[in-house]
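**Q** this is a predicted model, with the sequence first.
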Amino acid sequence: MNNDCIFCKIANGEIPSKTIYEDADFRVILDLGPATKGHALILPKEHYANLFELPEDTAAAAMKVAKKLSAQMVENLGADGLNLVQNNGEVAGQTVKHFHLHLIPRYKDDGQNILWNPGKMSDEELEEIRKTIVGE
Ligand code: AMP
Ligand code: ZN
């Protein structure tokens, strides 16, 4: 636990939160500034700054929690869909440096736009990028 980290304190119950799920490794809370009704955050109880620091087994366990809660939220809130969002680094929109996975229920005409502007790339450029990523 990191004493300077607000999500460590929330995840470990030192600061109260609207908890919708808890187990030995995770707490899932309602976001205080929700994008939509039911916007929730999956917080590991251990401190990891981001996805790069997260152990593989914790990543897998987080996705299991996401899978279970997504269905429950969509069903009980009457949502029409759901976005999973996870930001790493300021450039990617991360504001709290404790790994968290956003569960954002979506409703028809909810006014949110959690998408990107599609770009354009040639086949050659895509091939160069593919090689860079795989290290060829
Ligand atoms: P990110 O931009 O991915 O780092 O997301 C941080 C999220 O945490 C934002 O959606 C905030 O509204 C939310 N947030 C920040 N502080 C709190 C808090 N004390 N309790 C609940 N949610 C919070
Ligand atoms: Zn933390």
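**A** Noted; the coordinates are in hand. Ligands and ions are numbered 1, 2, ... in the order given.
**Q** all contacts plus neighbour counts: C-alpha atoms, from now on.
**A** Noted.
**Q** and the contacts of the longest helix along the chain?
**A** In the chain, taking DSSP state H as the definition, the longest helix is helix 56-77. With contacts defined as C-alpha atoms under 8 Å, 6 or more residues apart in numbering, helix 56-77 is touched by 26, 38, 42, 44, 51, 79, 80, 81, 82, 101, 103, 105.
**Q** buried subset of those residues as a PyMOL selection?
**A** The buried subset of those, as determined by 16 or more other C-alpha atoms under 10 Å, is captured in PyMOL by this line:
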select buried, resi 26+38+42+44+51+79+82+101+103+105
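**Q** need phi/psi at the residue nearest to residue 37 when sequence neighbours are not counted.
**A** In this structure, residue 37 finds its nearest non-sequential neighbour in residue 105, 7.0 Å apart by C-alpha to C-alpha, 6 or more residues apart in numbering. Main-chain torsions, residue 105, degrees, to the nearest 10: phi -60, psi 140.
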